[in-house]
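Engineer: could you look at this predicted model? Sequence included:
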Amino acid sequence: GVADGVSGWDEEGISSADYARQLMSSMEHNFREGCAAPQELLEIAHHSTLVPGSATACVAVVGGKGGALIAANLGDSGIRVVRKGDVVYASPPQSFEFNMPYQLGHPEHMPETSEASDSDVMT
């Protein structure tokens with residue numbers, strides 16, 4: 001997966017990179033503990049990341065029947081599936097308006113946070 005810290009926090013002296021790193025660390029931990037559903041990984045990580053900041057995120061898992069790809073994307077991060085040089089799928093960006101993507105943040109620091117359930121899921 002990948003999380004991209006939202007740079008608007010810089011104006012408040014907060015590094016959103018810390019939020020993005022903690023979010024991804026939580027996802028990795030929960031994946032290693034057996035959770036393999038991308039949207040659930042996003043949800044657990046979102047609720048366990050307590051530092052200020054916010055991030056867009058995309059997480060994908062290959063597994064299940066026939067090695068199927070399952071992905072969840074929130075915000076303007078994204079995923080592309082390429083077969084034989086052709087893009088067969090591109091996730092649409094999610095934003096409220098220009099330069100304002102859906103994003104995960106701790107509700108204490110960002111009451112208007114998006115939720116993992118807002119993510120687009122691709123199977």
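Structural biologist: On my side now, so go ahead. Numbering: from 1, shown residues only.

Engineer: can you report how many residues neighbour the nearest residue to L41 once chain neighbours are set aside?
Structural biologist: What sits nearest to L41 in space, not counting adjacent residues and going by Cβ to Cβ, 6 or more residues apart in numbering, is M27, at 4.7 Å. C-beta coordinates here come from the backbone N, C-alpha and C atoms, glycine included. Neighbours of M27 under the rule other Cβ atoms under 10 Å: 24.

Engineer: tell me the secondary structure at M27.
Structural biologist: Per DSSP: H, G, I helix; E, B strand; the rest coil, the secondary structure class of M27 is helix.

Engineer: return the residues in contact with it.
Structural biologist: By Cβ atoms under 8 Å, 6 or more residues apart in numbering, M27 lies in contact with 1, 41-42, 44-45, 59.

Engineer: what about S48, how many neighbours?
Structural biologist: Per other Cβ under 10 Å, the neighbour tally for S48 reads 15.

Engineer: distance check, it against E108.
Structural biologist: Separation of S48 from E108 (Cβ to Cβ, to the nearest Å): 13 Å.
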